[in-house]
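Peer 1: Sequence isn't available, so here's the structure alone:
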């Protein structure tokens, strides 16, 4: 089942947001516009806008208001990817050249800045102080998560806790905010938007863990970039943290980081991770977050959006790419 | 006369803001905190906070409210400098190593992102939708200005208008917003904060033109970086635009851009600019903006802040570094 079949009644609104995303990044400067559109066209699941809209259904849903939140959240996510690719020196994302590889690091830095500024412009259409405070706090946290990602690179001594805090900052909080802000924008009561925050948080943790698993278990074709890219870039994810508890395997990873031919060496490392219990244990932790998400969801009033959120959460736990 | 002698009654508030700036950039991550503090300690005139506070005096001045605007505006300015130094590949600013030179481009990108995020967090303490809309629009414009600066580098065919639009975006709008938002934060009436915007805009234009003149007329010691740095980095400023109307001089600049020893060649170019009427014509345009600033100021109600703003504007027109 495809993601968008879980909320067919949102299709028109999602299409509208897609159109407005393209309109929002229009710029006088052709390089920036081209780079931004390149990024938009590379696609992505648009999971943040979907969460915003579905959460908006718990209040007095008006697409002309809630759309600003959906656009802002997707643009913030996009901007962070552009800067991420600079940090990771990544050439491919979703099967497309990254901005830093097609243009250069400076263009990537400013395209990110520009998209981010446009996002801020969008969110100011929502005249709600709490919404702005939640979002700005999230942005600080996302920034810290990105900084931690640089700091923790190649560090095999980092704890599970360090990993979890980093993915919370890098991924889960923005999804949590998407849910909460969608509900705030449509005037849903505080008890509802706070629960939606936690739903988004748990789903976001599961989402990122699944992403980190897929980096080893999916094919390059499914990923749109080589398998094992995270580890090649020095990003230590959950499956690796579990697998290096085996001392012999840990030494292999240490060798990978100083190898003259890492692209070759990664193949057997991927196979070993897949053959160990690291994947299973990672799936297990992902599932525990999902269970928490389902529990929070139970406390929300019943409606079509709730059913869709349930389906999406389930999909995230099972997705293969 | 020193800048801060023009508003002695603000000294305690300025000191408070200096302290809170340092507190705001505290981070769990030591590199980011060190880099941010390095930047803060490098100083600067803190002209944006000063404008915010003085403008705040036109309303019901409460330092505990208006300080958030002052901190936010200075942090946004600082963040843009960090990213600027990446673009310009600049090693020195205000006599100090830049972040990109002491650390690297990636640290500079994320330090900028982090400081900027902290700025957003500060501004959300001001619960005024108009303030947020003005600021986010300004941030988009600042971003466009930075992008234009890359695009227009080494382009000797750019018009005076291109230059003016660029410095409006890069500098004047943030000073204009500082004035306007300071007044909005203290509840000054719309007629007042709109005038303060224009006052800041004209002063900002004059300020940047003066900066661009000083790049040629001041000493390396006064500038905290080599004289002629702008031109060496390919940034075409007002004195250059005037001077290259002489074809022979234009060719010299073209040669500079392909020279194998530009640091040597710049010396005679600086001398020629200083010997031509380019500096005088630039000063003249700067003064025309100042005159406009004084006119706007006349329309504002009389108070101590107005007197200080007048003195600062005059100082900006005469400053030697």
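Peer 2: Nice, thanks for sending it over. As the structure is a prediction and not an experimental result, all values here were calculated from the model.

Peer 1: Can you report how many residues neighbour residue A:18?
Peer 2: Number of residues near residue A:18 (other Cβ atoms under 10 Å in any protein chain shown) recorded here: 16. Placement of C-beta: from N, CA and C, glycine included.

Peer 1: just checking, it touches residue A:46?
Peer 2: Yes: if you go by Cβ atoms under 8 Å, residue A:18 and residue A:46 touch, sitting 7.4 Å apart.

Peer 1: Residue A:66: neighbouring residues, count only.
Peer 2: The local packing of residue A:66 (other Cβ under 10 Å) involves 27 other residues.

Peer 1: Return the residues in contact with it.
Peer 2: Residue A:66 sits next to A:52, A:53, A:56, A:182, A:185, A:186 when contact means Cβ atoms under 8 Å, 6 or more residues apart in numbering or on different chains.

Peer 1: if you set the cut-off to 10 Å instead, what comes out?
Peer 2: Residue A:66 makes contacts with A:13, A:17, A:49, A:52-53, A:55-57, A:59-60, A:126, A:181-186, as judged by Cβ atoms under 10 Å, 6 or more residues apart in numbering or on different chains.

Peer 1: Identify the single longest helix in chain A, thanks.
Peer 2: With DSSP state H applied, the helix covering the greatest number of residues in chain A is identified as helix A:190-217.

Peer 1: ok, back up a step: filter the contacts of residue A:66 down to the ones near chain B?
Peer 2: For chain B, the contacts drawn from these by Cβ under 10 Å from any Cβ of the partner chain are residue A:126.

Peer 1: Give me the below-cutoff pLDDT ranges for the stretch 101-250 of chain A.
Peer 2: Nowhere does the stretch 101-250 of chain A drop to pLDDT under 70.

Peer 1: Let's see that with 90 instead.
Peer 2: Along the stretch 101-250 of chain A, the model assigns pLDDT under 90 to residues A:101-111, A:127, A:129, A:143-151, A:219-227.

Peer 1: ok, which stretches of it are helices?
Peer 2: Secondary structure of the stretch 101-250 of chain A (DSSP state H, counting those that start in this stretch): helices at A:105-123, A:129-151, A:160-167, A:173-185, A:190-217, A:220-223, A:229-232, A:238-243, A:247-258.

Peer 1: chain center to the third one: distance?
Peer 2: Averaging C-alpha positions (Cα atoms, centre = their mean, to the nearest Å) puts helix A:160-167 15 Å from its chain's average.

Peer 1: helices or strands up against it?
Peer 2: Helices and strands touching helix A:160-167, by 3 or more Cβ pairs under 10 Å, 6 or more residues apart in numbering or on different chains; DSSP states H and E, are helix A:129-151, helix A:190-217, helix A:238-243, helix A:278-298.

Peer 1: got JSON lines for those helices, with distance to chain B and mean neighbour count too?
Peer 2: Shown next, in JSON lines, are the helices and strands packed on helix A:160-167 (distance: least, Cβ to the nearest Cβ, whole Å; neighbours: other Cβ atoms under 10 Å in any protein chain shown):
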{"stretch": "helix A:129-151", "distance to chain B": "4", "mean neighbour count": "21"}
{"stretch": "helix A:190-217", "distance to chain B": "17", "mean neighbour count": "23"}
{"stretch": "helix A:238-243", "distance to chain B": "20", "mean neighbour count": "24"}
{"stretch": "helix A:278-298", "distance to chain B": "23", "mean neighbour count": "18"}
